[in-house]
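Colleague: quick one, fold the following:
(chains A and B)
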Amino acid sequence: MSLISTLARLEAVSTGRAQPAATVRHRRLSERPLVFVPLTTAGEAGAPLGALVGTDRDAPHLLVVPQPRDRDLRFTFLSELADVVLPYIDAYAVDVEAAERNETDPETGKRVKVEVELCANAPQLIVPSRAGIDFVRLLGRSMRFRRTAEQDPETPYPAPPRVPLLGRWLTHFAERARVPGSSLLLAMTDVLARHWATGQSTLEDQHLGALLAWIDPPGGETGAEAALRAELARDRDGQLLCPPAGPATDPAFDNKLLAPAIERYDRARTALAAAEDGLQADDRLGDLTTAEREIRALVASRTRPTWDAVWRGLDRLRELPEASRVEERWTRDRWSFTGHRDRVLAGEPPQPRRDDAVTAANKLAAREREQARLEAQEALDDPLVMAGRRLSGEAFAGEVTEVVMAYSEGKRPSPRPLVTVRTDDRPHLGERAKVFRSLGGKPQSAEFVGYEGDPEDGSALIVLRVLDKMGRGKEPEEGSVPEKGDELCFTLFEHEQRGGAKLPDPEQTPWTHGGPPGEQVPEAADALTEEDVL
Amino acid sequence: MTTVFDPGAAATEATDAILRDTLHGTARGVVVDSPPGAGKSTLVVRAALELADAGRPLMVVAQTNAQVDDLVLRLAEKNPELPVGRLHSSDADPYDKALDDLPNVRKSAKAGDLSGLAVVISTAAKWAHVKVDEPWRHAIVDEAYQMRSDSLLAVAGLFERALFVGDPGQLDPFSIVGSEQWAGLSYDPSASAVTTLLAHNPELPQHRLPVSWRLPASAAPLVSDAFYPYTPFRSGTGHGDRRLSFAVPSDGSGPDRVIDEAAESGWGLLELPARHTPRTDPEAVRAVATVVRRLLDRGGAATSERSPDAAPLTADRIAVGTAHRDQAASVRAALTELGVTDVTVDTANRLQGREYDVTVVLHPLSGRPDATAFHLETGRLCVLASRHRHACIVVCRAGVSDLLDDYPSTEPVQLGTLVKFPDGWEANHAVLARLAEHRVGWRPG
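Modeller: Presented below is the predicted three-dimensional model:
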């Protein structure tokens, strides 16, 4: 943890309220996000119990699986989920603008500009916590290899028509969520914790209720009291007042309320199946409906507080103005969304279970680039974030006290002015270290020459040699050289990321990495296991 | 009958076997594990010269520009006639200026300018941008355990066969983002190049250099037991071969006593009172700086097998190692205050592959309230504890073994990944137990 975040947390403890960790919002929030609050069943990975989902905070869709181990009911749930999620995604897929992309011409091998479509906006999924992202990934994984009866008439347990497609989209969202700075799928706890520092540990920050309690303590209470209540307070029946944000549920809820309700449902269903005549069946159907309604009410009671908390978090985040470089990162999200839309339209198979060597390496390289880009952009967008970097010696700010014109040696001397900056910061400047400042949104680099004198007030005088962005002439262009009295901020980290080297194509995978992976065969759905058939 | 271990003969035997497999073997790759200071660079230079003699165009892949420049200088020293190419980046000052004095070394930012030269050397990052129609017959990959699998993927198409050399005990490569999703895959891009190579080519011959020429007889057993328990190595020198002595006698202070202990036994632990501190613990930093100051003030002299006369212990023969960059910066500032310059102060990452007479180490866990995976990493401690030819002095707060007991390793176990032994927790305990025998308690006044 950086020094500034430790300080902010200490301040949160002493004031009883979360402290701002950012002055602007570093993630895109869609005007119409799709909020998804799923619950899962204890004991089986990826067995949904229910969910609240939708774009209207006052009218969420409640989806429930009354018997979570029943595969048919699960398919019904997934199919209903697809009915909500896919139209939402489709609405963004059709609205496009023209854009250009560099592609390699297959005939000449040259890089050429190609006119392509870029979706004008992209959908955004918001889940309460990081575990929610994992659950989205798990749902995607469980659906994308399924076959519908139309795709494969022989398949023993065909999936409802749009379920495999939903699986592909959820997989894409979850995979994109691994890219630092992306906003297609966000966990509310992560975004809130990025913008506020609470007086509790980062682990405790993953509890949405406790986190919001610190950010927005209800009247008169301190954050610590409110957070403790959110985590532990129970009613007379032993149920948590603030249910966990899921997808896992509280064991007390599972044992005392959910299990008996499911058992009543099972009994009602068995009784209905054993009904001997129409009249009896009508009665027993009524019992079954009652039992089902009971489970729906239980699921609603555990998801609705989380649903409201997510929207409350959105309200707080929307109060912050969006950082200026968020738009650029969101454009990458749009490209990612458009790319997957095109792959689906082109009839490509679902994402493979495992990446091949080249894909894995490309993804890792891209994410490392995005991580470095994100860290630089957040600091450049936000003085509070930059303060943290200054405190850790990775940047310094100060006033220009002197500018001396100098020139490079060589046949065509270029300007290399020497700039002296007085700063109270303590940057870790090595010999000839490169530093950067933002000049009209572009980084201008300079080189550390040395410290000058020894001012008595404890500040330092840092002499820099400006290296570039001064035009082609012998004299620097107007405004390209700092002037005496300018307040400047230099960073020791680069502002922009260089693209990495191009990796070989998968069919050129070298012998050290197992050679070419061979032709991709369509992957079969998971084999049926005993547990699958009840 | 007892056989006397002859380090020279054992090392020669190992080197001969490696060169035989490299020059005349049929396997596409040869892997060499080298413990600290076992003559890895000497081996690389020798293999390069022999491959060049055999008329096989050779590319050499190293990990940093400093390593590349060092190799070029060593090659030129051994054979000034050999035409060597130094492929470099197009940044400012891309290579060591000393290379300009070598007539047979050609430097260029374009691989095309260097074609036809016997040996072309560059970093993995630069090689990744090179495109060739016909691959090199042979490659040497240096520091292969510090190279990431994805960077080998980017360059492996450039050569037909390769010799991979490295130290499995040093720091593993790392990535700044999570890579759990590929854990267990044979080609996990965040794993080391050698891990991936051997996962796909388990039949490749693997060799080991058995003798450390750097580490003194006092240090090799500790480093070998703690970090290489299943592949032990020996010191190339005996107990009487190296001596460290000081002209000025001890003034009885903690730093002087720990210096004497280290001069005597090769190890010294200067233990400060237990306390939770910020990373740049001012007391510990000052203690490190004071030890260095006293090392210089007391007129140290190092006697070794290299020469019969004692060599003065000068600032350039001393290094300070830390875990974090801000710690290194604080130590540098403290040294400047004491008027000490020219002593190398760096993090474990940057000290890899370097060698000094005496090292002073700020223990990675000193003063910490917790032990994270970063601080427990086996390689970090191994690097810090194996840079010295004579003595290593560790500065540390008391209570680290309790801290270790409070924080057992809790890294999740991933299916399909090779569990690395020893883990950092175990190695840290092993080192601390041995250092405790050389403890000097000190309460700075």
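
Colleague: ok, which stretches of the stretch 151-300 of chain A are helices?
Modeller: With DSSP state H, counting those that start in this stretch as the criterion, the stretch 151-300 of chain A has helices at A:163-176, A:188-195, A:208-215, A:223-232, A:251-253, A:259-273, A:278-318.

Colleague: for the longest helix along chain B, which helices and strands make contact with it?
Modeller: Determined from DSSP state H, the single longest helix within chain B is helix B:7-24. On a contact count with 3 or more Cβ pairs under 8 Å, 6 or more residues apart in numbering or on different chains; DSSP states H and E, helix B:7-24 meets strand B:29-33, helix B:40-53, strand B:206-208, strand B:211-212, strand B:234-235. C-beta coordinates here come from the backbone N, C-alpha and C atoms, glycine included.

Colleague: just put the ones you listed in TSV and tack on distance to residue A:161.
Modeller: Below are the helices and strands packed on helix B:7-24 laid out as TSV (distance: least, Cβ to Cβ, whole Å):
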stretch	distance to residue A:161
strand B:29-33	51
helix B:40-53	62
strand B:206-208	54
strand B:211-212	67
strand B:234-235	70
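
Colleague: OK, contacts around the residue of the stretch 251-400 of chain B found nearest chain A?
Modeller: Closest approach between the stretch 251-400 of chain B and chain A, counting by Cβ to the nearest Cβ: residue B:329, at 4.5 Å. For residue B:329, the contacting residues are A:393, A:428, B:280, by Cβ atoms under 8 Å, 6 or more residues apart in numbering or on different chains.

Colleague: which strands or helices does the biggest strand by length in chain B pack on?
Modeller: Criterion DSSP state E: the longest strand present in chain B is strand B:388-397. Contact here means 3+ Cβ pairs under 8 Å, 6+ apart; on that basis strand B:388-397 packs against helix B:254-265, strand B:267-272, helix B:282-297, strand B:300-304, strand B:356-362.

Colleague: and that strand, which strands flank it?
Modeller: strand B:267-272 (parallel), strand B:356-362 (parallel) (DSSP bridges).

Colleague: who touches the helix or strand just after the last one?
Modeller: From strand B:356-362 onward toward the C-terminus, using DSSP states H and E, the following helix or strand is helix B:373-376. Residues outside helix B:373-376 that contact it (Cβ under 8 Å, 6+ apart) are B:323, B:364, B:365, B:368, B:380, B:407, B:409, B:411, B:423, B:424, B:425, B:428.

Colleague: dihedrals phi and psi, residue A:64?
Modeller: Main-chain torsions, residue A:64, degrees, to the nearest 10: phi -140, psi 140.

Colleague: how deep is it tucked in, by neighbour count?
Modeller: Neighbours of residue A:64 under the rule other Cβ atoms under 10 Å in any protein chain shown: 23.

Colleague: could you pull up the residues touching residue 79?
Modeller: I'll assume chain A. Listed by Cβ under 8 Å, 6+ apart, the contact partners of residue A:79 are A:160, A:161, A:162, A:163.

Colleague: other chain: chain B
Modeller: Residue B:79 makes contacts with residue B:49, as judged by Cβ under 8 Å, 6+ apart.

Colleague: mind giving me the packing neighbours of the least confident helix or strand in chain A by mean pLDDT?
Modeller: Lowest mean confidence among the helices and strands of chain A (mean pLDDT, DSSP states H and E): strand A:96-104, at a mean of 85. The contact analysis (3+ Cβ pairs under 8 Å, 6+ apart) places strand A:96-104 against strand A:111-119.

Colleague: pairing partners for the following helix or strand past the strand it packs on, with directions?
Modeller: Under the assignment DSSP H and E, the closest C-terminal helix or strand after strand A:111-119 is strand A:125-127. Strand A:125-127 has these partner strands in its sheet, going by DSSP bridges: strand A:34-40 (parallel), strand A:185-187 (parallel).

Colleague: follow-up on the earlier one: which of the helices and strands packed on strand B:388-397 has the lowest mean pLDDT?
Modeller: If you rank the helices and strands packed on strand B:388-397 by mean pLDDT, strand B:300-304 sits at the bottom with a mean of 91.

Colleague: got the buried residues for that strand?
Modeller: If you call a residue buried by 16 or more other Cβ atoms under 10 Å in any protein chain shown, then strand B:300-304 has these buried ones: B:300, B:302, B:303, B:304.

Colleague: tell me what it is packed against?
Modeller: Partner elements for strand B:300-304 (3+ Cβ pairs under 8 Å, 6+ apart): strand B:243-246, strand B:307-312, strand B:388-397.

Colleague: most tightly packed of the ones you listed?
Modeller: Mean neighbour count (mean count of other Cβ atoms under 10 Å in any protein chain shown) peaks for strand B:388-397 among the helices and strands packed on strand B:300-304, with a mean of 27.

Colleague: so residue B:218 touches residue B:265, yeah?
Modeller: Yes: when contacts are counted by Cβ atoms under 8 Å, residue B:218 is listed as touching residue B:265 (6.0 Å).

Colleague: okay, the two: which has more neighbours?
Modeller: Counted by other Cβ under 10 Å, residue B:218 and residue B:265 do not tie: residue B:218 has more neighbours, with 21 against 13.

Colleague: for that one, what are its contacts?
Modeller: For residue B:218, the contacting residues are B:239, B:265, B:266, B:267, B:391, by Cβ under 8 Å, 6+ apart.

Colleague: I'd like to know how many residues surround residue 249.
Modeller: In the absence of a named chain, this looks at chain A. Residues within reach of residue A:249, counting by other Cβ under 10 Å, total 23.

Colleague: ah, no, chain B please
Modeller: Residue B:249: 9 neighbours (other Cβ under 10 Å).

Colleague: check contacts around it.
Modeller: Residues counted as contacts of residue B:249 (Cβ under 8 Å, 6+ apart): none.

Colleague: what's the pLDDT at it?
Modeller: Value for residue B:249, per-residue pLDDT: 93.

Colleague: on the three-state scheme, it is what?
Modeller: Three-state assignment for residue B:249 (DSSP: H, G, I helix; E, B strand; the rest coil): coil.

Colleague: separation between it and residue A:313?
Modeller: 68 Å (Cβ to Cβ, to the nearest Å).

Colleague: again with residue A:189
Modeller: Taken as Cβ to Cβ, the spacing of residue A:189 relative to residue A:313 amounts to 8 Å.

Colleague: how about residue A:240?
Modeller: Residue A:240 is 19 Å from residue A:313, by Cβ to Cβ.

Colleague: which of these two has more neighbours?
Modeller: residue A:313 (22 against 19).

Colleague: count of neighbours near the residue nearest to the more buried one when sequence neighbours are not counted?
Modeller: Distances taken as Cβ to Cβ, 6 or more residues apart in numbering or on different chains put residue A:188 closest to residue A:313, at 4.7 Å, once the chain neighbours are dropped. For residue A:188, the neighbour count with other Cβ under 10 Å is 27.
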